[in-house]
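> Provided below for reference: sequence and predicted model.
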Amino acid sequence: MKTLRILSLAILAFFASCSSDNDETVTANELDGLTKIQEMTNDTHVVELYSSTGTLQQGHNAISLRIKNKATNEYEKNATVSWSPLMYMMSMQHACPYSAVTKTSGKETLYNGYIVFQMAQNDTEYWKLKVNYTINGTEYNVDEIISVPASAKRRVTSFTGTDGSKYVLALIEPTNPKVALNDIKMGVFKMENMTSFPIVNDYTVKIDPRMPSMGNHGSPNNVNLTQSATDLLYHGKLSLTMTGYWKINLQLLNSANEVLKGEEITETTTESSIYFEVEF
Amino acid sequence: MKNLFFHIALLLSSAILTAQEKDSLKTVPLEEVIVIGKKTELHQKQSKPLTTIDEYLQQSNKITMIKRGGYAWEPVINNMATERTLVTIEGMHIFGACTDKMDPITSYVEISNLSEATVTSGQQGTCHGATIGGAIDLKRNRSNFSETGWNGALHTGYETNSNQKIIGTAVNYSKAKFYLDTDFMYRDADNYKAGNNEEVAFSQFRKFNISGTSGFQWHNNKLIEASVIYDKATDVGYPALPMDVSLAEALITSLKLEYKPVSTVLKNWETKLYYNTITHRMDDTKRPFVPIHMDMPGWSDTFGGYSKITGSYKKHQFQANLNSFYNQSKAEMTMYPNNPNENLMFMYTWPDVRTFYNGLFLEDRYEFNCHSSLQITASVGNHTNEVASEFGLQSLQIFYPDAAKTNSRILKSSASSFAYVQNHFDYVFGLGYGERAPSVSEGYGFYLFNSFDRYDYIGNPHLKNEKSLEINASIGYKNKKFSSKIAGSYFHISDYIVGKVNPDALPMTIGASGIKEYTALSYAEIFNLDVTAEYQVLNSLKWKNQLVYSLGKDNNGENLPFMSPFRYTSTLAYQNNSFTAEFSVQGNAQQDRFAPKYGEDNTPDYAILNCAAGYLFRLEKTKFNTRVGMENILDAKYSTFADWNNIPRRGRNVFLNLTFSL
């Protein structure tokens, strides 16, 4: 009988410890793979910005955020969030392409979206991010300068197409390129005015990855990017046959298959006027 | 191709027509043995005993050597190169570690290690594994429990062309129950000169080889033997290739148990376990123009074993061999961009491929009577490839998205050969069927640059087994003064593996013409015919002749590469007691049946003259063997069909070989 009692106690203890473990993992899991970029503060809340690297940079940025109530020290779980980045230049101000902010699925306190900074900051010009959020019908906002340094490799390009429109192209994936047939994802945006950069539909992005350091050789079986009906972004396949520095030469085609920008690579044309860079 | 069938029909019918008379000669051995010699006295009958294993092998009618420089030639059997043949050292599988075939197995052994090379054609060579073209089994040298005590030898040689210096030693100790053999050989050669005194840059090499074998007999019929070979070549130039080799290193070890049962049926039971490891490093640092510097190391490790039983029962002589090996082949390529801030460019050219093979071979030779015998062989094996590197597998999936991590196949073979001897004549007729798996390069190679056709090759993991249907026949005649043999073989090879241009893919190597992916032709045909004739002119003078002709076509009637044109050797050999002298002429007809698709071009005909003389001094047990000779006397500048990128062969060369043994 004694052994039975010890055994049942042990089992109880085991389950108790398991359940407490689970609680801890839930909170810990909230921030899995995320590092804090900065905090933005107003009278009532602290808005924490996160990314996988803990920094922002020129180009596409996947950003997560959470809102801490200063009074309760609790994270808000039912906020409606939006944001608007704005660049303050010497002569003007403009926005950039960005997504809506949605509650991160599977998480309790996180919200996420993306912002494409088509330009980097410099000594005199900078980005500010305004986060608007509504909790229980009350509207709040924070507005602070954020740091957007230039990226080491080119991952965003803006240009005027042959149709006279201005476009922004951003490389989203691969974030960890491999010697393989990688999934490649881009955002294609049209600059309607200084603050509106909607996604364009039914275009095609042709890719031709090359290694300029090695005779500008290419790679086989790339798949040009076309728009996905689900996320509205552009998806294709990028084959990288070795590690090193790759230049992904681009051509943007409209829905009528007319080239708006970019050149085909030939013996004499060794790079396109629009390209991205990948190095690993 | 109808021609081929005609030839064969002719051979066949003549065999049948003359098969009526009676004779008392022994039945014909099916394999050809190239004698290299005991280590204390490398073969006395060779005019140049300290020559390389490559030149020994070249004496066979069945073998030609593809040359990429002065060193490490690739043996080709019945006009089929490494992938289609099987080269073993006493049954041990060894796989080269170079993706560009710069290190055939024969480059990791020395003549001082070997006593003979057994060359078997086609399916006669499947005892140790699957093959299509045939097999070479290199037999090691051993004292074999003779009561000779200590003995030793010192070999030294010099060649004027290439300034090659050779030095070797052999020290052996042998008693009735124990023996220990050791030998060492070192070769150092500068660039050789082609005809007209033209130096061939990057044709130098340096290597040494050391080996030891020891046997112990603890019972009348039980023995154990351990052996090890260590071979290291450094600074090897490959003038026909864009890169040289800074290191080719092999360690080859084995442990053998042998049991000779006291039984009327079982004669011998031999079991061997072996391990060998090869490291190979290519080197482009000495080349004057290198568009991009790259490192290309390769490694090949093989574990294996076999257990072989031979015996006889009534008129049957039988053999069974159970054999396995596990090979790991890995090769990398790292390229260094000119901008030092850029990341290195890296890829696996062999993605750590593990090959596991298990096979059973059975042979039975039935003697009907003193005239005729029938030999039947059959084998079946299970061959598995696994790509162990995830990185490498994903690389390959760029070309073959559904390439699997593992791939298993069954390899079957069977052959039968009927021999008939009678009245100075002997006849052999054989049929065979065999399969082989694609090689590591053919199945899994990634951007392997072939400097012959200048394409980057990509392996294909979906290749089927290559299958060969083979017919062979020979007729021999022999009397006291004259002997002659004519032998022919025809191979119909289905799913013949070749590289095919992929016009959509861009090459990787700077200067390459494009990409070839390994694929299979529906079939190819190869026909070989060789004639040997020997005539004893005088007691001391012999005239030997060899003629070889080959033809290879694919299913569209186009030529296959590396098919020998008509080639010939004629030798007058004089021997009187201890003095020998030899004069030979050797040549090829024009290679006008070349295969431009695979990078071949027209090769003009050539003929060269060689001479040699030797004297063997004896003083009781001490022997001093001197050989001196001149090769390519007229200093002809030439290259043959088998010279990679038409690299010219050696011009005039004077050699001196000395062996002192006691």
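That came through, no problem.
> Under the pLDDT cut-off, which ranges of chain B? List them.
Counting by pLDDT under 70, chain B has low-confidence residues at B:1-30, B:38-45.
> Please see if the strand ranked longest in it touches chain A.
As assigned by DSSP state E, the longest strand anywhere in chain B is strand B:514-538. Yes - using C-beta under 8 Å from any C-beta of the partner chain, strand B:514-538 reaches chain A at residue B:515. Every C-beta, even on glycine, is put in place using the N, C-alpha and C of the backbone.
> strand partners of that strand, parallel vs antiparallel please.
Next to strand B:514-538 in the sheet, as set by DSSP bridges, lie strand B:455-458 (parallel), strand B:482-502 (antiparallel), strand B:541-554 (antiparallel).
> Present the ones you listed as TSV; the columns should include mean neighbour count.
Converted to TSV, the strands paired with strand B:514-538 look like this (neighbours: other C-beta atoms under 10 Å in any protein chain shown):
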stretch	mean neighbour count
strand B:455-458	24
strand B:482-502	20
strand B:541-554	18
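> Would you confirm that residue B:414 contacts residue B:468?
No - applying C-beta atoms under 8 Å, one finds residue B:414 not in contact with residue B:468, separated by 11.5 Å.
> Need the overlap of contacts for these two.
Both residue B:414 and residue B:468 are contacted by B:123, B:432, B:433, B:434, under the criterion C-beta atoms under 8 Å, 6 or more residues apart in numbering or on different chains.
> Let me see the contact set for residue 254.
I'll assume chain A. Residue A:254 neighbours (C-beta under 8 Å, 6+ apart): A:161, A:163, A:202, A:203, A:260.
> oops, chain B please
Going by C-beta under 8 Å, 6+ apart, residue B:254 touches B:90, B:92, B:226, B:227, B:228, B:272, B:273, B:274, B:275.
> Next, the contact list for the fifth one, please.
Okay, so that is residue B:228. With contact taken as C-beta under 8 Å, 6+ apart, residue B:228 is in contact with B:211, B:212, B:213, B:251, B:252, B:253, B:254.
> wait, the second one sits on residue B:180?
Yes - Residue B:212 is in contact with residue B:180 according to C-beta under 8 Å; the separation is 7.1 Å.
> Name the nearest residue to whatever residue of the stretch 51-200 of chain A ends up closest to chain B, sequence neighbours excluded.
Residue of the stretch 51-200 of chain A nearest chain B, by C-beta to the nearest C-beta: residue A:180 (3.5 Å). Sequence neighbours aside, residue B:394 is the residue nearest to residue A:180 in space, at 3.5 Å (criterion: C-beta to C-beta, 6 or more residues apart in numbering or on different chains).
> and that neighbour, what element?
In this assignment (DSSP states H and E), residue B:394 forms part of helix B:390-396.
> quick one: buried residues of that helix?
For helix B:390-396, burial by neighbour count (16 or more other C-beta atoms under 10 Å in any protein chain shown) applies to B:391, B:392, B:393, B:394, B:395, B:396.
> swap in stretch B:234-250?
If you call a residue buried by 16+ other C-beta under 10 Å, then stretch B:234-250 has these buried ones: B:235-246, B:248-250.
> How far does that stretch stretch from one end to the other?
From its first residue to its last, stretch B:234-250 covers 12 Å (C-alpha to C-alpha, to the nearest Å).
> and the next element down the chain from the helix holding residue B:394?
strand B:406-422.
> Whichever residue of the stretch 151-300 of chain B sits closest to chain A: neighbour count?
Closest contact between the stretch 151-300 of chain B and chain A, by C-beta to the nearest C-beta, is at residue B:292 (5.5 Å). Residue B:292: 16 surrounding residues under other C-beta atoms under 10 Å in any protein chain shown.
> got it, and residue B:313?
Using other C-beta under 10 Å, residue B:313 has 11 other residues around it.
> Around chain B, pick out the residues from the stretch 151-280 of chain A.
A:178-181, A:211, A:213-215, A:217-221, A:239, A:241-245, A:279-280.
> Rebuild the strands paired with strand B:514-538 as TSV, extending it with distance to residue B:572.
Shown next, in TSV, are the strands paired with strand B:514-538 (distance: least, C-beta to C-beta, whole Å):
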stretch	distance to residue B:572
strand B:455-458	45
strand B:482-502	15
strand B:541-554	6
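> Nearest to residue A:188, out of the ones you listed?
Among these, the nearest to residue A:188 by C-beta to C-beta is strand B:482-502 (30.6 Å).
> need the contact list for residue B:207.
Going by C-beta under 8 Å, 6+ apart, residue B:207 touches B:71, B:186, B:187, B:231, B:232, B:233, B:234, B:236, B:248.
> repeat for residue A:151
The neighbours of residue A:151, taking C-beta under 8 Å, 6+ apart as the test, are A:57, A:58, A:59, A:120.
> at 6 Å instead, please
Applying C-beta atoms under 6 Å, 6 or more residues apart in numbering or on different chains, we find residue A:151 in contact with A:57, A:58, A:59.
> now do residue B:296
When contacts are counted by C-beta under 6 Å, 6+ apart, residue B:296 touches B:282, B:333.
> That one falls within a strand, correct?
Yes - according to DSSP: H, G, I helix; E, B strand; the rest coil, residue B:296 belongs to a strand.
> Quick check: the residue nearest in space to the middle of chain B vs residue B:294, distance?
For chain B, the residue nearest the mean C-alpha position is residue B:75 (3.9 Å; C-alpha atoms, centre = their mean). Using C-beta to C-beta, to the nearest Å, residue B:75 is found at 28 Å from residue B:294.
> Over to residue B:486?
In terms of C-beta to C-beta, residue B:486 sits 49 Å off from residue B:294.
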